[in-house]
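Colleague: need a 3D model of the sequence below.
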Amino acid sequence: MLDFFKEGLLQFFSYSGFSNCEYGHLIMICVGIFFITIAILKEYEPMLLIPIGFGIIIGNIPFTSGLQVGVYESGSVLNYLYFGVLKGVYPPLIFLGIGAMTDFSALISNPKLILIGAAAQFGIFGAYALALLLGFSPTEAGAIGIIGGADGPTAIFISSKLAPSLMGAIAISAYSYMALVPVIQPPIMRLLTTKEERLIRMRPPRAVSHREKVMFPILCILLTAFIVPTGLPLLGMLFFGNLLKESQVTKRLANTASGALIDIVTILIGLTVGCSTQATTFLKVDSILIFGLGALSFVIATMSGVLFVKFFNLFLKEGNKINPLIGNSGVSAVPDSARVSNAEGLKYDKTNYLLMHAMGPNVAGVIGSAVAAGVLLSFLY
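Modeller: Predicted coordinates for the structure are as follows:
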């Protein structure tokens, strides 16, 4: 009888997390706790970092293989939820919600601001080139480069197509830099601008009619999708969501897309992406390189936006010049980058509000990152 209980206890212990724990699991659990901590204490993208952080903890609870509990084990509940990430289902739903909550008025009233959003995408292609130099395959380099757009859903969508094995590192990197926008961008903006440039006052945006707002998503989907049909899942859902909002006759659908639906998908995408960072698959040299390249691509994107505005101003008359502080908002971290532009502008002139101006290139960055994703898929998929 004693031997029976002893064998039972030993078998129970062999199935426990204590028996299967490795140092990597403990490291990743600490990373998850760190994400949750900065989300709560610093309020850095809590809607994203808390689900991701808790997902990292769940994904790194050690267990014996074959129990159908891990995210990579076929038939497990987490594996079924992860299907939406692996097959790129969740990102278009996120874009639907983004479209339903986005006001493109600032961009419509000043169309030239779309060029800033386009310029910021240089970070994507710069990181792509660097990843190739570091030995990544073309498809892996394309998935890594998209981090420069500071767009988590797009990064997940692209990596699900081009580099599924790197998805965890790419997604965590993209969302991390989205959360750190208020930390990373201001020093770059100050470094690349003069005091006189930071004081530039822009003309108030003109009023945009209801007709223009309705026509915008229809014209944009026709233009962008004909150029890059591979970006259709993201671009189609983005502009469809915006049409639901701006038509003013589908308010219930728009409210659902921008409220309950996007909240549910955000929970699922954050939790399952976090769970995918199992130490056995995540803690590799490639993951460290991806984080480094992600940071570099984000820096390049910010610099490209600011420097492009400075260059563009050479061709604009006095009174029409653009404040270079809104150049950083060309990345698609909406609306955090625009808030950073506004906060930096107010430091030098407490009456110079740049938020509405910055929202133009900020929403253009969302379109730009989706178009860039389509371009990469066209060449690499």
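Colleague: how many neighbours does Tyr353 have?
Modeller: Residues contacting Tyr353 under the criterion other Cβ atoms under 10 Å number 15. Backbone N, C-alpha and C define where each C-beta goes, glycine included.
Colleague: now do the same contact list for it.
Modeller: For Tyr353, the contact set (Cβ atoms under 8 Å, 6 or more residues apart in numbering) comprises 342, 345-346.
Colleague: which of the residues you listed fall in helices?
Modeller: 342, 345-346 (DSSP state H).
Colleague: among the contacts of Tyr353, who's most crowded?
Modeller: Within these, neighbour counts (other Cβ under 10 Å) peak at Gly345, which reaches 26 neighbours.
Colleague: can you verify my assumption that that one contacts Glu197?
Modeller: No - using Cβ atoms under 8 Å, Gly345 is not in contact with Glu197, being 10.7 Å away.
Colleague: residues shared between the contacts of those two?
Modeller: Residues within reach of Gly345 and of Glu197 at once, by Cβ under 8 Å, 6+ apart, are 323, 325.
Colleague: gap between Thr280 and Asn20?
Modeller: 10 Å (Cβ to Cβ, to the nearest Å).
Colleague: show me what secondary structure element comes after the helix or strand hosting Thr224.
Modeller: Element membership for Thr224, per DSSP states H and E: helix 210-227. Sequence order places helix 232-246 as the next helix or strand after helix 210-227, per DSSP H and E.
Colleague: only alpha carbons, please: show that next one as CSV.
Modeller: Listed next in CSV are the C-alpha coordinates belonging to helix 232-246 (Å, rounded to 0.1, in the frame of the first residue of the first chain):
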residue,chain,number,x,y,z
LEU,A,232,-7.3,43.4,-49.3
PRO,A,233,-8.1,41.6,-46.0
LEU,A,234,-6.7,44.5,-44.0
LEU,A,235,-7.6,47.4,-46.3
GLY,A,236,-11.0,46.1,-47.0
MET,A,237,-12.0,45.7,-43.4
LEU,A,238,-10.4,49.0,-42.5
PHE,A,239,-12.4,51.0,-45.0
PHE,A,240,-15.6,48.9,-44.5
GLY,A,241,-15.5,49.8,-40.8
ASN,A,242,-15.0,53.4,-41.6
LEU,A,243,-18.0,53.4,-44.0
LEU,A,244,-20.1,51.9,-41.3
LYS,A,245,-19.2,54.8,-39.1
GLU,A,246,-19.5,57.6,-41.7
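Colleague: pLDDT of that helix, averaged?
Modeller: Mean per-residue pLDDT for helix 232-246: 96.
Colleague: that one versus helix 210-227: what angle between them?
Modeller: Helix 232-246 and helix 210-227 are oriented at 170 degrees to each other (axes from the mean of the first three to the mean of the last three Cα atoms, to 10 degrees).
Colleague: leaving out the residues flanking it, which one is nearest to Ala141?
Modeller: Ala131 (3.6 Å; Cβ to Cβ, 6 or more residues apart in numbering).
Colleague: from Ala295, how far out is the one you found?
Modeller: From Ala131 to Ala295 the distance is 13 Å (Cβ to Cβ).
Colleague: more crowded one of the two?
Modeller: The residue with more neighbours, out of Ala131 and Ala295, is Ala131; 24 against 18, by other Cβ under 10 Å.
Colleague: isn't the more buried one up against Glu140?
Modeller: Yes - with contacts counted by Cβ under 8 Å, Ala131 reaches Glu140, the gap being 6.8 Å.
Colleague: for the longest helix belonging to the chain, buried residues please.
Modeller: Criterion DSSP H: the longest helix present in the chain is helix 285-313. Using 16 or more other Cβ atoms under 10 Å as the test for burial, helix 285-313 gives 286-287, 289-291, 293-310, 312-313.
Colleague: I'm done for today, thanks for sticking with me.
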